[in-house]
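>>> build the 3D model from these lines:
(2 chains, ligands or ions: 2)
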Amino acid sequence: MQFWIVQSLNSLAMGGLLFLLSAGFSLIFGLLRIPNLAHGGLFMLGAYLGATLLGGQMNFWLAALLSGVAVGLLGVVLEAVLLRRLAGNEQGQVLVTLGVSFIIADLCLMAFGGDPMPLGAPRSLRPPVFIGGFAFPGYRLVVLGCALAVAVLLWLLLERTRLGAMIRAGVDDREMARGVGIKVSRLFSAVFFLGAFLAGLGGVIGGPILSAYPGLDADMLPLALVVVILGGVGSLPGALVGSFIIGAIYNFGSALFPDFAYVVLFLPMVLVLVIKPTGLFGRVLR
Amino acid sequence: MAVDALTLRDVDALYGDSHVLHQVSLTLREGALLALLGRNGAGKTTCLASVIGWLKPRSGSVNVFGREVAGLSPEAVVQAGVALVPQGRRIFPTLSVRENLVVAQRGRGLWNTERVYETFPRLRERKSQAAGSLSGGEQQMLAIGRALMGNPRVLLMDEPSEGLAPQIVAEVGRIIARLCAEGLSIVLVEQNLNLALSLAQDVAIINTGRIVFTGTAAEMAADHATVDRHLGVF
Ligand SMILES: Nc1ncnc2c1ncn2[C@@H]1O[C@H](COP(=O)(O)OP(=O)(O)OP(=O)(O)O)[C@@H](O)[C@H]1O
Ligand SMILES: [Mg+2]
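Ligands and ions are numbered 1, 2, ... in the order given. Okay, the predicted model is just below:
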């Protein structure tokens, strides 16, 4: 009984973490059609920046915000300098973003060394919470709360503001959007900022669970891909549901069949690709 | 002499290697409606694309109320007071009707969502619906309303009657006449000769990328030879 309750809570927390990881990737892929394979690298960079700032005794949330902004700005530069020239050239985008992720990985190794760097959760959130008489790490619930907050804010921004409508207009018909006066390329830079910001932010918020270590990027990118493919490319609700499904599969899978963790993880993705290639919530991209 | 709303002078435009517009010159007088006529593929849409900034003319000048806009980005041309009702409507299909309007809102002026809804009551009824689910006629009204939301001084309309049922065409015609009466300067590209001549003061005919006739609507109606030669399929 305790196993099921604790694993369920862990699954929810893991799902939240996965959403923080994959929301930015989904946003950039869905709106800009750019498969940003540097997303894992940006996540890792956020974690390292956060670890550094926390080492200097900065407030946890301020460190998360600053790391997110820094990574977001890097994303803007990446989009303006490299990716804008490759509009429509998906193969080029894949290769360039993969190359960038290798560069980020090497630079992190040079700057932060090969040893893992821990990120401490805010002290007030460290004590375990008791749910139904079982102790549960309190910070994991905070991660879940952050993920839900990010999901709601993103949804409001995209679906309930004029800015969001302008972004969607640019996605629907870029030329026509410019023809009604929308500065589409500036908006698309903003979307890239937001996606990269979420990666950096996710790296810090996930830090107390994952910590920052060489290879974090390569561990995270496949998870983001699995989530987005399962949930449906470019669908925010899809990314949310996909995150919780994968979170559950990952937790129960590695607890029940520890030898097959990766099979358990990727099998649903393969099944979805075979049965419904657009993902659970995806629509066909125009 | 009053400055004209829109002038094109000796505009040459190309799609890649294919030379589509040759030395096109046109004048839209302030407050007038200029009908731009021509067969399929003559270059009408390309003329409008060169004005709105989708296509950069290779040479020549495009002038809006005295301001040179040739080569500017579409955003800047819209800022200068031009709006386009494009061929095929091109409303944003996944946005709601209301969102289609608000994303195009700019400038202070008469036009806002409320006035568009008053002009097109059908759009008010469907304001929360995805624009892609509207009928063809409703989409055309939305495309017109969206252009008006920019409070333009020059309105470019590319075949607004294309593919619409006769009573809807008549309704679109009434709206255009009203906009014209309110003083808006309009370029109307049309294949529907009757509609165009009922609304236009001035006419220009384009054939394979060259302007072959300019004059008043009355002059054109009297010139059967020109009409037969350049618009013969009508
Ligand atoms: N994007 C494009 N690339 C290459 N050629 C084009 C493109 N668009 C139009 N053309 C060519 O330019 C010429 C003029 O086309 P345009 O669309 O301006 O004609 P039109 O007068 O608007 O015709 P219609 O009445 O059919 O809308 C045609 O020969 C067309 O094939
Ligand atoms: Mg045309």
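>>> show me what contacts residue A:13?
Residue A:13 sits next to A:140-141, A:143-144, A:209, A:247 when contact means Cβ atoms under 8 Å, 6 or more residues apart in numbering or on different chains. Using the backbone N, CA and C atoms, a C-beta is placed for each residue, glycine as well.
>>> any idea of the mean pLDDT in the strand or helix carrying residue A:273?
Per DSSP states H and E: residue A:273 is located in helix A:261-275. Per-residue pLDDT over helix A:261-275 has a mean of 83.
>>> now do the buried residues in that helix.
A:264-266, A:268-269, A:272 (16 or more other Cβ atoms under 10 Å in any protein chain shown).
>>> identify the farthest-apart pair in the residues you listed.
Farthest apart among these by Cβ to Cβ are A:264 and A:272. That separation is 14.1 Å.
>>> who touches the longest helix seen in chain B?
The helix that spans the most residues within chain B, counting by DSSP state H, is helix B:166-181. Contacts to helix B:166-181, defined as Cβ under 8 Å, 6+ apart, come from residues B:31-33, B:119-120, B:136-137, B:140-141, B:144, B:148, B:155, B:157, B:160-161, B:164, B:186, B:188, B:192, B:195, B:198-199.
>>> just those: which are in strands?
Among these, DSSP state E puts B:33, B:155, B:157, B:186, B:188 in strands.
>>> of those, closest to ligand 2?
residue B:157 (11.4 Å; Cβ to the ion).
>>> next one: phi and psi at the closest residue in space to that closest one that isn't next to it in sequence?
Nearest non-adjacent residue to residue B:157, counting by Cβ to Cβ, 6 or more residues apart in numbering or on different chains: residue B:85, 4.4 Å away. Main-chain torsions, residue B:85, degrees, to the nearest 10: phi -100, psi 100.
>>> where's residue A:142, which helix or strand?
helix A:138-160.
>>> which other helices and strands contact that helix?
Here helix A:138-160 touches helix A:2-32, helix A:162-172, helix A:184-205, helix A:207-210, helix A:236-256, going by 3 or more Cβ pairs under 8 Å, 6 or more residues apart in numbering or on different chains; DSSP states H and E.
>>> tell me the buried residues in the last one?
Spelled out, it's helix A:236-256. A:236, A:238-254.
>>> equivalent analysis for the first one, please.
Judged by neighbour count (16+ other Cβ under 10 Å), helix A:2-32 contains these buried residues: A:6-7, A:9-32.
>>> for the shortest one, same thing?
Of all the residues in helix A:207-210, those buried under the rule 16+ other Cβ under 10 Å are A:207-208, A:210.
>>> count of residues packed around whatever residue of chain B ends up closest to chain A?
Nearest to chain A, among the residues of chain B, is residue B:78, at 3.5 Å (Cβ to the nearest Cβ). Neighbour count for residue B:78, taken as other Cβ atoms under 10 Å in any protein chain shown: 26.
>>> and it, how far from ligand 2?
Relative to ligand 2, residue B:78 is positioned 20 Å away (Cβ to the ion, to the nearest Å).
>>> look at the closest residue in space to that residue that isn't next to it in sequence and give its secondary structure.
In space, and not counting its chain neighbours, residue B:78 is closest to residue A:181: 3.5 Å by Cβ to Cβ, 6+ apart. Following DSSP: H, G, I helix; E, B strand; the rest coil, residue A:181 is assigned to coil.
>>> residue A:181 is in contact with residue B:149, isn't it?
No. Using Cβ atoms under 8 Å, residue A:181 makes no contact with residue B:149, being 9.6 Å away.
>>> which residues do the two both contact?
Common neighbours of residue A:181 and residue B:149 (Cβ under 8 Å, 6+ apart) are B:104, B:106.
>>> name the element the residue in chain A positioned nearest to ligand 1 belongs to?
Nearest to ligand 1, among the residues of chain A, is residue A:175, at 10.5 Å (Cβ to the nearest ligand atom). Secondary structure from DSSP H and E places residue A:175 in helix A:174-179.
>>> please flag which of the contacts of helix B:166-181 sit within helices.
Counting by DSSP H, these contribute B:119, B:136-137, B:140-141, B:144, B:148, B:195, B:198-199 to helices.
>>> was I right about residue B:39 contacting residue B:207?
Yes. Between residue B:39 and residue B:207 a contact is recorded at 6.9 Å, counting by Cβ under 8 Å.
>>> what residues are shared contacts of the two?
residue B:230.
>>> the helices and strands packed on helix A:138-160: which one's closest to ligand 2?
helix A:162-172 (20.8 Å).
>>> contacts only, for residue 42.
No chain in the question, so chain A it is. Residue A:42 touches A:24, A:71, A:74-75, A:104, A:196, A:199-200, A:203, counting by Cβ under 8 Å, 6+ apart.
>>> my bad, chain B
Residue B:42 touches B:206-209, counting by Cβ under 8 Å, 6+ apart.
>>> check residue B:84 too.
A:179-180, B:48, B:52, B:147, B:155-158 are the contacts of residue B:84 under Cβ under 8 Å, 6+ apart.
>>> redo that, cut-off 10 Å
Contacts for residue B:84 (Cβ atoms under 10 Å, 6 or more residues apart in numbering or on different chains) come out as A:176, A:179-180, B:48-49, B:51-54, B:74, B:77-78, B:90, B:143, B:146-147, B:150, B:152, B:154-158, B:187.
>>> what residue spans form the domains of chain B?
Taking automatic domain parsing as the criterion, chain B consists of the domains B:6-81+B:152-231, B:89-150.
>>> can you lay out those domains as a markdown table showing distance to residue A:221?
What follows is those, written out as a markdown table (distance: least, Cβ to Cβ, whole Å):
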| stretch | distance to residue A:221 |
| --- | --- |
| domain B:6-81+B:152-231 | 35 |
| domain B:89-150 | 29 |
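>>> relative to residue A:50, which of those is closest?
Comparing these by Cβ to Cβ, domain B:89-150 comes nearest, at 36.2 Å.
>>> would the closest one count as contacting chain A?
Yes. Using Cβ under 10 Å from any Cβ of the partner chain, domain B:89-150 reaches chain A at B:89-96, B:98-107, B:131-132, B:143, B:146-147, B:149-150.
>>> how about that domain and ligand 1, touching?
No. Applying Cβ under 6 Å from any ligand atom, one finds domain B:89-150 separated from ligand 1 by no less than 13.1 Å.
>>> what about that domain, near ligand 2?
No. Interface with ligand 2: domain B:89-150 contributes nothing (Cβ under 5 Å from the ion), its closest point being 12.2 Å away.
>>> please save the CA atoms from the helix or strand bottoming out on mean pLDDT in chain B in CSV.
Lowest by mean pLDDT, DSSP states H and E among the helices and strands of chain B is helix B:224-231, with a mean of 81. Listed next in CSV are the C-alpha coordinates belonging to helix B:224-231 (Å, rounded to 0.1, in the frame of the first residue of the first chain):
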residue,chain,number,x,y,z
HIS,B,224,-15.5,48.3,-76.5
ALA,B,225,-12.3,47.6,-78.5
THR,B,226,-10.1,47.8,-75.4
VAL,B,227,-12.5,45.8,-73.3
ASP,B,228,-12.7,43.0,-75.9
ARG,B,229,-9.0,43.0,-76.4
HIS,B,230,-7.8,42.9,-72.9
LEU,B,231,-10.7,41.5,-70.9
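>>> contacts for it, please.
Residues contacting helix B:224-231 (Cβ under 10 Å, 6+ apart): B:37-39, B:42, B:191, B:193, B:203, B:205-208, B:210, B:212-213, B:215, B:219-221, B:223, B:234.
>>> give me the buried subset of those.
Using 16+ other Cβ under 10 Å as the threshold, B:37-39, B:42, B:191, B:193, B:203, B:205-207, B:213, B:220 are the buried ones among these.
>>> so where is chain A shaky, pLDDT-wise?
A:283-286 (pLDDT under 70).
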